[in-house]
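> Using only what follows, build the 3D model:
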Amino acid sequence: MNWIYIVLIYWAGINVVTFFLYGIDKWKAKRSKWRVPESTLLWWAAFGGSIGALLGMKAWHHKTQHKKFRYGVPAIFVAQIALVGVILYYTVL
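Residues are numbered from 1 along each chain as shown. Reported below is the predicted structural model:
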């Protein structure tokens, strides 16, 4: 299997999981249940799930008032785009 397919499968999977983690945390917050730690949500975004995190924040209106999420998740996304650009520049182009 080509490494690009492996990366794409990983990227899609981590974004789906991250999206649902934000939804689960919102659901638990409404019911005063045990919550997903904020650090866990941010780490999932940092390890490739930034699009899922952004979509989860938007879809469930979750963590949108917290500065570390409001600014941190988009910053992680921009950093990931830059990293992909650097990798593509040095490997493909």
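> which secondary structure elements does the longest helix seen in the chain contact?
If each helix of the chain is counted by residues according to DSSP state H, the longest one is helix 3-30. Judged by 3 or more C-beta pairs under 8 Å, 6 or more residues apart in numbering; DSSP states H and E, helix 3-30 is in contact with helix 38-44, helix 50-60. Every C-beta, even on glycine, is put in place using the N, C-alpha and C of the backbone.
> Next, the buried residues of the shortest one.
Residues of helix 38-44 classed as buried by neighbour count (16 or more other C-beta atoms under 10 Å): 41-42, 44.
> next one: the longest one
For helix 50-60, burial by neighbour count (16+ other C-beta under 10 Å) applies to 50-57, 60.
> so how far is A53 from I6?
Distance of I6 to A53, computed by C-beta to C-beta, to the nearest Å: 22 Å.
> V36 contacts F20, doesn't it?
No. In this structure V36 lies outside contact range of F20 using C-beta atoms under 8 Å: 10.5 Å.
> hang on, T64 packs against L54?
No. Counting by C-beta under 8 Å, T64 stays clear of L54, with 10.3 Å between them.
> picking that back up, can you lay out the helices and strands packed on helix 3-30 as JSON lines showing distance to Y90?
As requested, the helices and strands packed on helix 3-30 are arranged in JSON lines below (distance: least, C-beta to C-beta, whole Å):
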{"stretch": "helix 38-44", "distance to Y90": "26"}
{"stretch": "helix 50-60", "distance to Y90": "22"}
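> Let me have the ones you listed in a markdown table, adding distance to Y71 and mean pLDDT as columns.
Compiled in a markdown table, those are given as follows (distance: least, C-beta to C-beta, whole Å; pLDDT from 0 to 100):
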| stretch | distance to Y71 | mean pLDDT |
| --- | --- | --- |
| helix 38-44 | 12 | 98 |
| helix 50-60 | 12 | 97 |
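> between those helices, which one is nearest to V16?
helix 50-60 (6.3 Å; C-beta to C-beta).
> Output the contacting helices and strands for the helix or strand just after that closest one.
Using DSSP states H and E, the next helix or strand after helix 50-60 towards the C-terminus is helix 67-70. Contact partners of helix 67-70 among helices and strands, from 3+ C-beta pairs under 8 Å, 6+ apart: helix 38-44.
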